[in-house]
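J.: Sequence first, then the predicted structure:
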Amino acid sequence: MKAIYMDHSATTPVDPEVFNAMIPYYTDIYGNASSVHSQGQKAARAVEHGREQVASLIGASPEEIIFTAGGTEADNQAIITFMQHERQKQGKHIITSAIEHHAVLHTCEYLSKQGFKLTVLPVNSVGLVEPDILQAALRPDTALVSIMHANNEIGTIQDIKTLAAISHEAGAVFHTDAVQTTGKIPVNVRDLGVDFLSASSHKLYGPKGIGCLYVKKGVYIGSYMHGGAHERNLRAGTVNVPGVVGFGKAAELAKERLSQNMPHLKDLAQHLTRGILDTIPNSRLTGHPVNRLPGSVSVVFDYVEGESILLMLDSYGIMASSGSACTSGSLDPSHVLLAIGLPHETAHGSLRLTMGKDNSREDVDYVLEKLPLIIKNLRTMSPLGK
């Protein structure tokens, strides 16, 4: 049986070149990067090289990169420490969107329980935050706006440059969760005009357990974890040297391969989307039809349930998801699909197929062979389908 992985928005396999780059830092150069002896200094140099590689991918300076354990920690550190600092200046208002990853949405909701004021912006039917809606929500006490670069479920890419400029005009700082875009599309912090940006290694063929937070020079950031002077006193804890090395190598490869991977993934996604919509009645694409992540196909099917689709696909060796991997155990419909206006019963019938650099046209054709049969069979068992 074929084994076809189409869940790259959840995680990606570690690239062999990345894995090989990491091995010496488990076996030979295993020193603590904070130690003064030669082993430690070799490790420290590897960390700084990784910092340079990651910074180069997003157009930042190395000193603007703080390594974290992943995108969730980066989101938390940016939002919580900045807002705690702003409380002293009476900046108590946060703005975010209804389709954010829970790493941002739940963090903002946590702060709202601590006395901060929160505005959650609606999105339109394709998942975009409209600039005039943001403009109307800004207040004199708005300290931070956090809008994700691209949505992990429906793939819609936001106009971050415009949203950041509007926020800055009102005196607010701008954070973007770019976990889904970094390494997949061009991401340049200077062009976007953001003050904070979160990224994660395992979304771009690097190891899990390592991410970063970009902090623009001159913008306040506080320590989120305490207990050591690591990462310039901004992130306590022994530095994950092999992880940083892997993240750095993955960033370097992503930059080199971007012009090759993007058209390949766009072609696969267009072929898959056309095939699904042309062969399966009562199906529709969710998210923006054009401004979306390459390789991302998010669809909903009337009269069926997403988990059943996943189980049937898996029986044919096709691995996909029905939304965010972080909420795959929930019985509730996706908050993202509800936010773009889908009714509960339709949102339950969602499928997300996200392709990677190693997927092929043959993989897509295999999915297009099996998926219509699966949907047809499931509908015959559904009273609504009948």
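T.: Nice, thanks for sending it over.
J.: Could I get the contacting residues of Q77?
T.: I66, T68, L213, I221, G222, Y224, R235 (C-beta atoms under 8 Å, 6 or more residues apart in numbering). Where C-beta positions appear, they are placed from N, C-alpha and C, glycine not excepted.
J.: Against T11, how distant is the third one?
T.: Pointing back at L213 there. Per C-beta to C-beta, to the nearest Å, L213 is found 20 Å from T11.
J.: And these two? Which one has more around it.
T.: With neighbours defined as other C-beta atoms under 10 Å, L213 and T11 compare such that L213 has more, 26 against 14.
J.: Next up, phi/psi of the more buried one, please.
T.: phi -120, psi 120 (degrees, to the nearest 10).
J.: Quick check: nearest residue in space to it, chain neighbours excluded?
T.: A74 (3.9 Å; C-beta to C-beta, 6 or more residues apart in numbering).
J.: The lowest-mean-pLDDT helix or strand in the chain packs against which elements?
T.: The weakest-scoring helix or strand in the chain, judged by mean pLDDT, DSSP states H and E, is helix 230-233 (a mean of 88). With contacts taken as 3 or more C-beta pairs under 8 Å, 6 or more residues apart in numbering; DSSP states H and E, helix 230-233 sits against strand 65-68.
J.: pLDDT weak spots in the protein?
T.: 323-331, 384-386 (pLDDT under 70).
J.: Could you list the domains of it?
T.: 4-12+258-381, 16-253 (automatic domain parsing).
J.: Buried residues, stretch 268-279. List them.
T.: L268, A269, L272, T273, G275, I276 (16 or more other C-beta atoms under 10 Å).
J.: scratch that, stretch 137-154 is what I was asking about
T.: Here stretch 137-154 shows 137-138, 142-154 as buried, counting by 16+ other C-beta under 10 Å.
J.: Can you pick out the ones from these that are in helices?
T.: A137 (DSSP state H).
J.: now, which of the buried residues of stretch 137-154 sits nearest G171?
T.: T142 (7.4 Å; C-beta to C-beta).
J.: what residues are up against the closest residue to Y5 other than its chain neighbours?
T.: Using C-beta to C-beta, 6+ apart and skipping residues adjacent in sequence, the residue nearest Y5 is M319, 5.0 Å away. By C-beta under 8 Å, 6+ apart, the contact set of M319 is A3, I4, Y5, M6, D7, L313.
J.: Enumerate every residue touching V123.
T.: Per C-beta under 8 Å, 6+ apart, neighbours of V123: S97, A98, I99, V129, E130, A339, I340.
J.: change it to 6 Å
T.: S97, A98, I99, V129, A339 (C-beta atoms under 6 Å, 6 or more residues apart in numbering).
J.: State the distance from the second one to A33.
T.: When you say that, I think you mean A98. 40 Å.
J.: just so I have it, where are all the helices in the stretch 201-350 of the chain?
T.: Assigned helices in the stretch 201-350 of the chain, in chain order: 230-233, 241-279, 306-315, 335-339, 344-347 (criterion: DSSP state H, counting those that start in this stretch).
J.: what about stretch 290-308, distance to the chain center?
T.: 17 Å (C-alpha atoms, centre = their mean, to the nearest Å).
J.: If you could redo that for stretch 359-367, that was the one I meant.
T.: For stretch 359-367, the distance to the chain centre is 24 Å (C-alpha atoms, centre = their mean).
J.: buried residues in it?
T.: N359, D363, V364, Y366, V367.
J.: Next up, the contacts around the closest residue to the first one other than its chain neighbours.
T.: Spatial nearest neighbour of N359, chain neighbours left out: L268 (6.0 Å); criterion: C-beta to C-beta, 6+ apart. For L268, the contact set (C-beta under 6 Å, 6+ apart) comprises M355, N359, V364.
J.: What strands line up against the particular helix or strand that has L118 in it, and which way round?
T.: For L118, the host element (DSSP states H and E) is strand 117-121. Partners of strand 117-121 in the sheet, by DSSP bridges, are strand 93-97 (parallel).
J.: So which residues make contact with the strand it pairs with?
T.: 104, 108, 116-121, 123, 129, 137, 139, 141-142, 144-147.
J.: Convert that strand to CSV, retaining C-alpha atoms only.
T.: This file holds the C-alpha atoms of strand 93-97, laid out as CSV (Å, rounded to 0.1, in the frame of the first residue of the first chain):
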residue,chain,number,x,y,z
HIS,A,93,-5.4,47.0,24.8
ILE,A,94,-4.6,44.1,22.5
ILE,A,95,-6.0,43.3,19.1
THR,A,96,-5.9,39.9,17.4
SER,A,97,-8.1,38.0,14.9
